[in-house]
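A.B. asks: Show me how the following folds:
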Amino acid sequence: MNEEILYIWLSLIDGIGPVLGSELLSKFKDVKSIYEATYKDILEVKGIGDKLAR
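C.D. replies: This is a model prediction of the structure:
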């Protein structure tokens, strides 16, 4: 999938703003890795709870 589309996808998730977006990128290094991450991996990110990880 196109990286630009993945950034748009990430920005449209309710509850993911600049701070959580940066936290996700710090852990996963790129937006494709965020997209492919498991629920369990996403829960490990500071500020991400059960509802948001789904």
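A.B. asks: just how off-centre is the lowest-mean-pLDDT helix or strand in the chain within its chain?
C.D. replies: Using mean pLDDT, DSSP states H and E, the weakest-scoring helix or strand in the chain turns out to be helix 50-53, at a mean of 91. Here helix 50-53 shows a centroid-to-chain-centroid distance of 11 Å under the convention CA atoms, centre = their mean, to the nearest Å.
A.B. asks: Stretch 30-47 now?
C.D. replies: Relative to its chain's centre, stretch 30-47 lies at 5 Å (CA atoms, centre = their mean).
A.B. asks: Where is the longest helix in this protein?
C.D. replies: With DSSP state H setting the assignment, residue counts place helix 18-28 as the longest helix in the chain.
A.B. asks: Beyond that helix, next helix or strand please.
C.D. replies: For helix 18-28, the following helix or strand on the C-terminal side (DSSP states H and E) is helix 31-36.
A.B. asks: Does anything pack onto that following helix? Which helices or strands?
C.D. replies: The helices and strands touching helix 31-36, judged by 3 or more CB pairs under 8 Å, 6 or more residues apart in numbering; DSSP states H and E, are helix 3-11, helix 18-28. For glycine as for every other residue, the C-beta is placed from the backbone atoms N, C-alpha and C.
A.B. asks: Touching the following helix or strand past it from outside, list them.
C.D. replies: On the C-terminal side of helix 31-36, the closest following helix or strand by DSSP H and E is helix 39-43. Outside helix 39-43, the residues within contact range by CB atoms under 8 Å, 6 or more residues apart in numbering are 24, 27-28, 34, 48-50, 53-54.
A.B. asks: Pull the most distant pair out of those.
C.D. replies: Spatially, the most separated pair among the contacts of helix 39-43 is Phe28 and Asp50, at 18.6 Å (CB to CB).
A.B. asks: Comparing those two, which residue is more hemmed in?
C.D. replies: More crowded of Phe28 and Asp50, by other CB atoms under 10 Å: Phe28, with 17 against 8.
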